[in-house]
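A.B. asks: below is the sequence, then the predicted model.
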Amino acid sequence: MAFISAKASAWFEIPVTDMDRARAFYASVLQNELVLEESGPNPMAMFAAQDQMASGHIYPGKPAAPGTGPTIHLSVAAPIEDAMERVRQNGGQVVPPAISIPAGKFAYCLDPDGNSFGLFV
């Protein structure tokens, strides 16, 4: 049996109840603007991505109950503690302290809609 080489992740979507608030939250936490795209059936705000990397967007939708949906890990500049503070300052929650792993350091968070996401450096 032959397999076609593919990435495990193509893109991600994060449902939010307030696009303006969510765009401001993620732009502040990631220190990178989300580009609003309104050419499709639903408006969406796109996360910036480098070539050949999976990326995603936020869109108007119904989030899962706080902390119960999938967790997307988003890259931030070091030190991770600065990004964790931006989460708190913008209405999100940092769940535990940052965790060190061989590949780097990450922290679990919740956005203002209760969506689970991780910060990674």
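C.D. replies: Yep, it's here. Numbers count the residues shown, from 1 in each chain.
A.B. asks: for the residue nearest the centre of the chain, give me its contacts.
C.D. replies: When CA atoms, centre = their mean is applied to the chain, the residue found nearest the centroid is L74 (5.1 Å). Contacts for L74 (CB atoms under 8 Å, 6 or more residues apart in numbering) come out as 26, 29-30, 47, 117-120. In short, each C-beta sits where N, CA and C put it, glycine included.
A.B. asks: over to K105?
C.D. replies: By CB under 8 Å, 6+ apart, the neighbours of K105 are 78, 80, 98-99, 120-121.
A.B. asks: does it sit in a helix, a strand or a coil?
C.D. replies: What DSSP: H, G, I helix; E, B strand; the rest coil gives for K105 is strand.
A.B. asks: do you know how far it is from N90?
C.D. replies: Distance, K105 to N90, by CB to CB, to the nearest Å: 20 Å.
A.B. asks: is V87 within a helix or a strand, and which one?
C.D. replies: helix 80-89 (DSSP states H and E).
A.B. asks: in its sheet, what does whichever helix or strand comes after that helix sit against?
C.D. replies: Counting by DSSP H and E, the next helix or strand C-terminal to helix 80-89 is strand 93-94. Strand 93-94 has the following strand partners under DSSP bridges: strand 104-110 (antiparallel).
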